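sequence first, predicted coordinates after that:
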Amino acid sequence: MVTLDILLLEDDMILSEIIEEFLLSLGYKVTLALNGKVAEELAYAQKFDLFILDVNVPYVNGFEFLKSLRAVKNETPAIFITSLSDPKDMQEGFAVGADDYIKKPFDLSELELRINNIKRHFHLDNHTIMIDKDITLDMQNLTIMIKGERHSLARKDAAVLAYLIEHHDRVVSLEELGTNVWDYESAPSDATLRTYIKNIRKIIGESYISNLKGVGYRFNKK
């Protein structure tokens, strides 16, 4: 099992200690930030596997923190934990790049389930996926290695490719991709999904992904 490096942004001392202890009990490494400014310094100084973020924190709030990181192509998965319960707040959270959103108060078991879902979607327990003997997909660093040459991927490109590889034994519809890869977010349009497929094919070649017109896509294992 891969140990996740988690950045926890939470300014409530008691709650932050409770969450930290719980995450440590699950075997994760936790770095705690009590305000957004410290969280930014940490996020720019080192690489994390997951962000768990409160929103109403001093100096730089959670929304601003994540928006600034997404602007510089930091694609680390992020979960908001917040007392903000208005649907507009949830919409803003996903708009700035969140992958999940939990309303306070919540059971720690729910947080564990959400983390496990993130791990499944982004293959955080298995960072490297073999495409064939000469091609590997690195989900942690968002790269594809082809005969020693490294190619960068956007986070969603990598997630789409990983999903297709995982379900290589059948055809995957655009609807299924949108529902499962985007999960709690609003699924993208079919045209947008086709763009992701196009981006992936540019890197690994068209022969790995077949298009069954009107049905969906199949990943071809070599």
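Perfect, thanks for sending it. Please read all numbers here as calculations on a predicted model, not as lab measurements.

can you pull out the helices in the chain?
Along the chain, counting by DSSP state H, helices occupy 13-25, 36-45, 62-71, 87-95, 108-122, 155-166, 174-182, 190-204.

dump those helices to TSV, plus distance to residue 53, mean neighbour count and mean pLDDT.
Just so you know, the C-beta spots here come from the backbone N, C-alpha and C atoms, and that holds for glycine as well. Shown next, in TSV, are the helices of the chain (distance: least, C-beta to C-beta, whole Å; neighbours: other C-beta atoms under 10 Å; pLDDT from 0 to 100):
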stretch	distance to residue 53	mean neighbour count	mean pLDDT
helix 13-25	11	14	95
helix 36-45	8	17	95
helix 62-71	4	19	95
helix 87-95	9	14	89
helix 108-122	12	16	90
helix 155-166	17	21	88
helix 174-182	19	17	84
helix 190-204	26	16	91
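
of all the ones you listed, which lies closest to residue 134?
Residue 134 lies closest to helix 190-204 among the helices of the chain, at 10.3 Å (C-beta to C-beta).

now the helices of the chain in CSV, with distance to residue 219?
Listed next are the helices of the chain as CSV, based on distance: least, C-beta to C-beta, whole Å:
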stretch, distance to residue 219
helix 13-25, 34
helix 36-45, 33
helix 62-71, 28
helix 87-95, 27
helix 108-122, 17
helix 155-166, 4
helix 174-182, 11
helix 190-204, 10
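
right, and these - which one's nearest residue 144?
The nearest among the helices of the chain, by C-beta to C-beta, is helix 190-204 at 5.5 Å.

now the angle from the closest one to helix 174-182?
80 degrees (axes from the mean of the first three to the mean of the last three C-alpha atoms, to 10 degrees).

who touches helix 190-204?
131, 135, 144, 146, 151, 153-154, 156-157, 160-161, 174, 177-178, 208-209, 211, 217 (C-beta atoms under 8 Å, 6 or more residues apart in numbering).

repeat the analysis, applying 10 Å as the threshold.
Helix 190-204 is contacted by residues 131-132, 135, 137, 143-144, 146, 151-154, 156-161, 164, 173-175, 177-178, 181-182, 187-189, 206-209, 211, 216-217, 219 when judged by C-beta atoms under 10 Å, 6 or more residues apart in numbering.

and the residue nearest the centre of the chain, what does it touch?
Geometric centre of the chain, nearest residue: residue 77, 3.3 Å, by C-alpha atoms, centre = their mean. By C-beta under 10 Å, 6+ apart, residue 77 lies in contact with 4, 48-52, 97-100, 115, 117-119, 121-122, 124, 155, 159.

how far does stretch 52-59 stretch from start to finish?
17 Å (C-alpha to C-alpha, to the nearest Å).
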